[in-house]
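S.K.: give me a 3D structure for the following:
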Amino acid sequence: MNSNSELISSIEEKAGKLIEKLQKVKKENSDLTGRVGGLNRIIADQEKEINELKNRIKLLSIAKAVENTDEKAEARRKIDGILRDIDRCIGVLNR
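M.R.: Predicted structure coming up:
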């Protein structure tokens, strides 16, 4: 009978340790999930900033092209491309 009680005690001890480990892993998972969410927000902000900088580069290159009278055709082509992009965006927004 003593061996049965020792066996039960051992099983209870191991179950207690498993429960502690489970709680620790759940907390770690929760922390990591929060961290991933924060990192995703940072990535989205940086992607937005990259897109804004790309647009700024386009505008600066157009402005530079307009400065040079020899490059007016190139500037017009770029402006037409930007207008097509804007029209496409408006079309997507109207859906």
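
S.K.: I figured residue 58 hits residue 78, correct?
M.R.: Yes: using CB atoms under 8 Å, residue 58 is in contact with residue 78, at 7.2 Å. Heads up, the C-betas are built off the backbone N, CA and C, glycines and all.

S.K.: between the two, which is the more surrounded one?
M.R.: More crowded of residue 58 and residue 78, by other CB atoms under 10 Å: residue 78, with 17 against 14.

S.K.: how far away is the more buried one from residue 17?
M.R.: To residue 17, residue 78 is 67 Å away according to CB to CB, to the nearest Å.

S.K.: name the element the closest residue to residue 82 other than its chain neighbours belongs to?
M.R.: Nearest non-adjacent residue to residue 82, counting by CB to CB, 6 or more residues apart in numbering: residue 58, 6.9 Å away. Assessed by DSSP states H and E, residue 58 sits inside helix 2-67.

S.K.: what angle sits between the following helix or strand past that helix and helix 2-67?
M.R.: Reading on from helix 2-67 to the C-terminus, the next helix or strand found by DSSP H and E is helix 72-93. Here the directions of helix 72-93 and helix 2-67 differ by 140 degrees (axes from the mean of the first three to the mean of the last three CA atoms, to 10 degrees).

S.K.: buried residues in helix 72-93?
M.R.: For helix 72-93, the neighbour count (16 or more other CB atoms under 10 Å) marks 75, 78 as buried.

S.K.: now do that helix: distance to the chain's middle.
M.R.: Centroid separation between helix 72-93 and its chain, computed with CA atoms, centre = their mean, to the nearest Å, is 28 Å.
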